[in-house]
Each structure stands twice: as structure tokens, then as C-alpha cells.
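[1] could you work out the structure for the sequence below:
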Amino acid sequence: MLRVIYKSVFRTFWSPFRLHEVWPNLQLYDSIDFTIPQITQPSSPNGQSIRSVLERKMAESTEELLNSYEISPDNQQSTHNLSCSQQGEIPPRKHSKEALLRRHYQNVQHIRDCSQAGSIKQVVIPTAYAPSTVPLEELQKISLQDLKIETHHRGSFITAMTITPPYEHSETITIIQEESGSVAVLVLGFQDDTSSKSRPTLPENSTVAIKEPYVQLNEDSDYVIRVDHPSDIAVLRGDDPAVSMIMQFVAEKKEITPPEWKSAGDKAYLERQYASAIECYTQAIDGQGTNESFRRDAYRKRAFANLTAERFESAKNDALSSCSGEISDSKAYYTAGRASYELRNYTESKQYLEKSLELCPRDVKTRKDYNHSLTRIEEQENGNYDFSKMISSLSKDHVSLDHADFTKNTEVKMTEHAGRGLFASQDIEAGEIVLCEKAFCLPDYYTGEGDPAHCAVYLQLVQQLYKNPHLTERLFDLDAGTYVRSRKEGNMVDGVPVIDAFLVEAIRLKNCFSSPRLSRNLLKRNTPASETPLTTGIWTTAAYLNHSCLPNCGRAFIGDMMIIRALHSIPAGTELTQQYITPDASCTYRREIFPNTWSFTCTCHLCESEKKSPDAMHHKRTDLAKKIKAEVFKVPVGPKRFQPVLINKVERLTKKLESMHESNIYASLPRLLLVHPGIWLMEAYRYCKNGKKMLSCALKVLRNFGFVDLIREGKLVLNWETGIVNTESFNALRITAEGFAAQGDQYLSVQCENAAKRMFVVLAGSDVGFDELLRSEA
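    You can find the predicted model right below:
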């Protein structure tokens, strides 16, 4: 990023030819910084600094300090409507500079004092607009006075300097000032506040160039400059040593030699300012002429800086550029191997690490990483995973696991009616791994509430794409519904990828998965939701799976790894499907949610068959199912929950609901509205130790999930193509096994346990922990 900024801002606009044209009063910024004690503070008429005056007034104020930056979505909407009504007008400037500063420092102090300052807040996304796709050098500079409300100033840019510390919470907000002395509020809507930051996003004294700026009114009827796309702003950080050197060069016209740049890079690297180190090494490389030894050393150091900064493609290229044909190249090949490994190019990583070992065969660290690459290749090529080790490496603080993707059983193709889908590239046996994929983006933010995790995915995706241009194609290839693309997203402009933050959100909405930390934990009986918190994430290959209410695949999660297995044998060329929603949803509900949320109408065998039943009958069944649920929830959870009177009433209503399913339609179909009443009765009779009725209800639960005619000639026969596999059908099978064992039928009991194990492998991702689960809940 810094490389681009220097090229686009400094080298274009601060060159000796255009320096005074763009920034005629560079020395002005010796007197407008508000940090203490770096630069002399501006003074009020009585000689006090403005900041000290503001701080004294805030301390003396008896009024309650309110955070004016955090406003409700409703207020944001009303403000947006007002802003749109004044489109094209010159914005009001009713607040003085001192008032803006006072309010800003008050909000910064408020969020520092707030006990919830570390939590993720909801991001209210404004009306979508396209990012700038024009290079800075082709834009014309305008001033803050030229800005207009609700206008995207196409063909223009503004430059200014930040004069306050940033407010960082739901958004990043700061005050900027241009050379004329005019000030404005700058809002960045794309910052990831879920990750810990050692440095602020926009420190004081940073120079910003905002491409094709967008102006809105804010709640106080003043105006703000809003940036939602990270590629629309270039920043020269005020705390960047490289920037300081460049400013010294500009101010003093002092030439900086390549060795000085390299020394500055070393210093910045030791201070963990890796972006600055990279820029310093770049200046050293560009400024050095014929000294190849110097250039190779600078490339080697820049490779380490890029590797540490997680710029793996650049690290690999720099490492290879530093090679000289000598034994010291072992370190360069090791760096290239590590970078390739992080890029998930395991075969390439193996090749570079082999070259490193040829030069230095006794290097223990290189040998260890080489063996890791071999393990990843085995996973990638054959789908052979050590699931026991995978699960043991998972912890509450560690969900990002080191494993390769296995995708060889799948391919993306066009479907007949649903756009692109994922298809079996070869025959897949029941229970076999269809796909094993590491998350593209998964916030380690497991809660019982979905909104914070959704917010975190959005923020992290935007930053992830901006920092890793090679990833943009993977995400932007996914479905974004009706969002209109520019087809320029991901293009490199000014050395950074064009990131359309609104497209990112449109893709997130269509392609997110809810995910527990470990799916196996969901299979424990009566596990409270608080013990199985969820987050949400993006898996780019799995996202191509289309929905079916009767799918042929089931998914499980181990940390950030998604494991998809076949529910039954799948011939090559068959489309692979999964469920998008819980299977007990009524037919009428499914008809509404699929087109409204994912823009499709389900045509699976269940949905097509249920169309034969009149809508009036569907509504009657749904109403009765709601009545049964209401009766059950009248009694709080506890020992008195399963009273005989209530059991009899629920049983009577359930039989009535069952009779409302037409036999000519539902003879071989799941009857999903009967599932939860049946589960309640099964648990009730289990609690009452009525084994016979418990077994009868368990068998009915399985039948209502689509496993029709289970017991044939004394054997358990499950139709895996029509039956639905989930945690509830799994538990019904376990209770069925328990019921048969209580009746002395060990043969059927063992068959039920074997079928339950088959379900467990799909639902948990592997068979690890199945026997322990049975013993612990026996």
C-alpha cells in the first residue's frame, strides 16, 4: 500500500514540478498540528493552545458527555433522507473549527471511557455507490469549498492533513484540514475493529488524498466526507519514518542515499513498522545502480519484511530476486518456500524448501517445514486428514487451522435452472469426503447472536481483499444477487486493487455460513445454545453448493475447516446440494424465504410434491403446529414440564396434525411439521421411563424426517436418499437404539447405533469422539 501512496501522492503531486501547485503552503503544517508535544500548538488570543483550551472547557463542563458519532440506524436513515433532499447544494458550515474539535475530542474520550469500547458494533451501510477506478494522476485537485452534498465528485480529488487523533469504533472518524485552513470531518466506513491494533488507522499529521470524494450531511446538519471503499483513499501516515524522510527531502532538498534508505528500513523493521520498512528498502533498491550485492541484500531484507507483513506474493518474488547462486541462497529459498506455503501453493513450497535443503541439508527448521508441506500435499491430493490431530489442535483461542483444501471430487458448472453449482467430478461413495475447505474469512467471534459476527465478516473481508490482491478473483466470482457490478473491481489502480465494499456486502449476504467452533458439540443431548456459540464465515468453494430440502451432502465444522460428506452414493456428474435452512420449516415459509433471501424457488422433490396439497391445508397444518408449540411452552422447563395431562393433550393434537397430511401426497415424503411435536413426546416418554412409547415416538420422528418403513423383516432399512440427516434425526436414532436394547432386541439396537455412527461422521466431520459420546450419555 505504501508503495502506491508514495507513487500516487508524493511522486505525482509533491514532485518538484507540481509541489507548489498542489500544496503551496507546506510549512503551514508546522502550526496546525494538535498533538503534544511534537509540534508547536496553535494558540488562542491569550496564548493558550487550542487543545488545552478545549480540554479545560470539557473538564469544567457539567453537562453529560454524549457520543454524537454513534447514532441509531433510524436517525441515520432520516439524516440520509435529508441529505438526499439537498443533493447538489453547497453544504452548510455552521460549526466552527473549535466546535468540531471539541465534539471530536469529547467523542474520543467517551469511547475510551466506555466499558463496551472493545465490542463490535453494527455497521450501517449507506446507499451503494461505485468506487473510483481512475488513477490519481488523471484526477484534478479541488478544495473542500468545492464540495457538494450527495455528490460523488467524479474526476476530482482532495488532499488534506489529519489534525486530530482518530475516533475508532463503528467507524473511523477524524478531522482534516487543507492548506487554506478549511476543516471537515472525514469518516472511513470500512475499518476492521475486530482485530487488535498497535497503531491507529489514521494518526495525526497524516496526509490523505481522497479520490472522487463523496459528501453527506450528518445528524447535526453539517457535512462529512465519507469513504466506504479502501481503494478510494491514499494515506501518508504521520507516524511513518519513511514519510518523515521524504518530508525532510522535500523541505531541505536533501538527497537520501540508498545506504541511508536501507538503514532506515532496518530501523523501521526492528520497530515493527513493516510497511515503512518495505518502502525504505524499495527506495534503496530503486536508487542503487550497478551494485548487485547491495541490491540482493536489499531484496533479501525486503523479502523478510514482506513475509512478516503477510505480503506473501511479494515476499516470494523478493526472495527469489535475492538469489546469487551461492550457499547463502538457502535462506532465500526458505523464505520463498514459507511464502508459498502461506499462499497455499504447497507443491511450489515443497520445491523451494527442497532447494534450501540441498544447500543446507541439516537445517532443522527447514526440514520441519518441508515435512509440513508434504502433509498438506497429501491432504490436497487424496483428502487424507488426521482428524484426531485436527480436533486436538483446536481451542477456544485457536480456530485457524493449518490444513490444505481437498476439492478434487468437485467442479463448478452451470446448472439447468439455478446458475452455477458444484458437481461431482467422479463417483463418490456414501460417507466419503466431497469437499474439505479452509475458510476464506472466519472471524473468531463466537456468540449466540449473529449480527456482530456478520458485521465482523464484512469488515474483515474488505480489509483482506485490499491487503491481498490475489484473493479478489476468488471472492468477486461469487454470486452477488442483483447488485450491479462495474466489472472493474479487483483491477489494480495506483498499485492497489479496486475494492467495492458494497459488492463485498452483497456477496456476504448470499454466501455466508453459520459455523460452530466444533460441530461434534452440537450432537450432545439437550446442549444449551450458550454452550454451542456460532460465528459466520465465507468458504468460497462450498458457496457454489445450491440448496435442496432433500440434499445429497451434509456439512460439519472443525474450527475454520468445513468438511462436506456424501449422504449417499453420488454418481459423477451429479449436482451436489445442501440445506440452507432448518428442515422443519413449513412449505409456505420455504416458498417465501428462498426467493426473498437467495432469489430462487426450490424445485426439490419435497417442494414439488407439496405443491399438490392446497394452500389452505398448508395453512391449517401450520396453525396447528404453532398451537402445539404454544401449549408446550406454557410450562417452563423443569421437572413439571412432562405432566400426564400435557402429554395427553400434545399427543392428541399431534395425531390430529398427522391426520391432516394427505396420504396420497406424503406417503413417502418427510412430514416436517410433525418433527418437533414428535421429539417432545419422545423426550417426555423417555423422562417418564415409558420405553415402549418412547421407542414408538422415536420411530415416528425418523419417519417424519423421511425415513419411511424403517423396520422390514426384523431389519433396519434407512432410505438415505429421502431421509433428512441432522442432529435431531441422529438423536432419534440413538434413542431408537436405546429403546430396542431395553426390549432385549440387541440386533436392531446395534443396527441403529451403526446407522447413528454413519450420521455422526457426516454431522461431526469424522468418527472421532463417537464412542465417547455414546458412553458419556448411556
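[2] what segments of the stretch 301-450 of the chain are helices?
    All helices of the stretch 301-450 of the chain, identified by DSSP state H, counting those that start in this stretch, fall at 312-321, 329-342, 346-359, 364-382, 387-392, 450-467.
[3] next, count neighbours for residue 626.
    Around residue 626 there are 12 other residues, counting by other CB atoms under 10 Å. No exception for glycine: its C-beta is placed from N, CA and C like everyone else's.
[4] which parts of the helix or strand hosting it are buried?
    Assessed by DSSP states H and E, residue 626 sits inside helix 615-633. Buried positions in helix 615-633, judged by neighbour count with 16 or more other CB atoms under 10 Å: 618, 621-622, 624-625, 628, 632.
[5] and of the residues you listed, the nearest to residue 392?
    Distance to residue 392 across the buried residues of helix 615-633 (CB to CB) is lowest for residue 632, with 39.4 Å.
[6] from residue 730, how far off is that closest one?
    Residue 632 is 22 Å from residue 730, where distance means CB to CB, to the nearest Å.
[7] ok, residue 650 next?
    Applying CB to CB to residue 650 and residue 730 gives a distance of 23 Å.
[8] same check on residue 510?
    Distance, residue 510 to residue 730, using CB to CB: 29 Å.
[9] look up the closest residue to residue 735, ignoring the ones flanking it.
    residue 698 (4.5 Å; CB to CB, 6 or more residues apart in numbering).
[10] can you mark which positions in the helix or strand hosting that neighbour are buried?
    Element membership for residue 698, per DSSP H and E: helix 691-704. Across helix 691-704, burial judged by 16+ other CB under 10 Å covers 691, 693-704.
[11] now do stretch 752-770
    Neighbour counts over stretch 752-770 (16+ other CB under 10 Å) mark 752-753, 755-766, 768-770 as buried.
[12] can you pull out the helices in the stretch 601-750 of the chain?
    In the stretch 601-750 of the chain, the helices defined using DSSP H, counting those that start in this stretch lie at 605-610, 615-633, 644-659, 663-666, 675-687, 691-704, 727-742, 746-764.
[13] closest one to residue 69 among the ones you listed?
    helix 615-633 (41.2 Å).
[14] now for the helix holding residue 698, which elements pack on it?
    helix 675-687, helix 727-742 (3 or more CB pairs under 8 Å, 6 or more residues apart in numbering; DSSP states H and E).
[15] flag the helix or strand of the protein with the lowest per-element mean pLDDT.
    Across the helices and strands of the chain, mean confidence by mean pLDDT, DSSP states H and E is lowest for helix 19-22: a mean of 30.
[16] for this protein, which residues score under the pLDDT cut-off?
    1-65, 115-123, 192-199, 220-221, 250, 448-451, 526-531, 583-584, 639, 777-778 (pLDDT under 70).
[17] start to end distance for stretch 185-200?
    End-to-end distance of stretch 185-200 (CA to CA, to the nearest Å): 17 Å.
[18] and stretch 304-314, by the same measure?
    Using CA to CA, the span of stretch 304-314 from its first residue to its last is 10 Å.
[19] same thing with stretch 88-100?
    One end of stretch 88-100 sits 23 Å from the other (CA to CA).
[20] return the residues in contact with the most centrally placed residue in the chain.
    For the chain, residue 457 is the residue whose C-alpha lies nearest the centre (CA atoms, centre = their mean; 2.7 Å). Contacts for residue 457 (CB atoms under 8 Å, 6 or more residues apart in numbering) come out as 441-443, 508, 512, 536-538.
[21] redo that, cut-off 10 Å
    By CB atoms under 10 Å, 6 or more residues apart in numbering, the contact set of residue 457 is 194, 439-443, 445, 504-505, 508, 511-512, 535-538.
[22] can you flag which of those residues belong to strands?
    Cross-referencing the contacts of residue 457 against strands under DSSP state E gives 512, 535-538.
[23] identify the farthest-apart pair in these.
    Across these, the longest distance by CB to CB is 11.3 Å; it joins 535 and 538.
[24] anything in contact with each of these two?
    Jointly contacting residue 535 and residue 538 under the rule CB under 10 Å, 6+ apart are 439, 442, 457, 513.
[25] gap between the third one and residue 567?
    Which is residue 457. From residue 457 across to residue 567, the span is 28 Å (CB to CB).
[26] with residue 535 instead?
    Taking CB to CB as the measure, residue 535 falls 25 Å from residue 567.
[27] and for residue 579?
    Separation of residue 579 from residue 567 (CB to CB) stands at 11 Å.
[28] swap in residue 132?
    Residue 132 is 48 Å from residue 567, where distance means CB to CB.
[29] quick one, which of those two is more surrounded?
    Neighbours were counted for residue 132 and for residue 567 using other CB under 10 Å; residue 132 has more, 27 against 23.
[30] ok but that one is inside a strand, no?
    No. When DSSP: H, G, I helix; E, B strand; the rest coil is applied, residue 132 is found to be coil, with no strand at that position.
[31] residues touching it, list them.
    Counting by CB under 10 Å, 6+ apart, residue 132 touches 139, 152-157, 210-214, 227, 229, 231-233, 488, 493-494, 498.
[32] among those residues, which are in strands?
    Judged by DSSP E, the subset of the contacts of residue 132 located in strands is 156-157, 210-211, 214, 227, 233, 493.
[33] now, which of these sits nearest residue 269?
    The closest of the ones in strands among the contacts of residue 132 to residue 269 turns out to be residue 233 (CB to CB; 25.7 Å).
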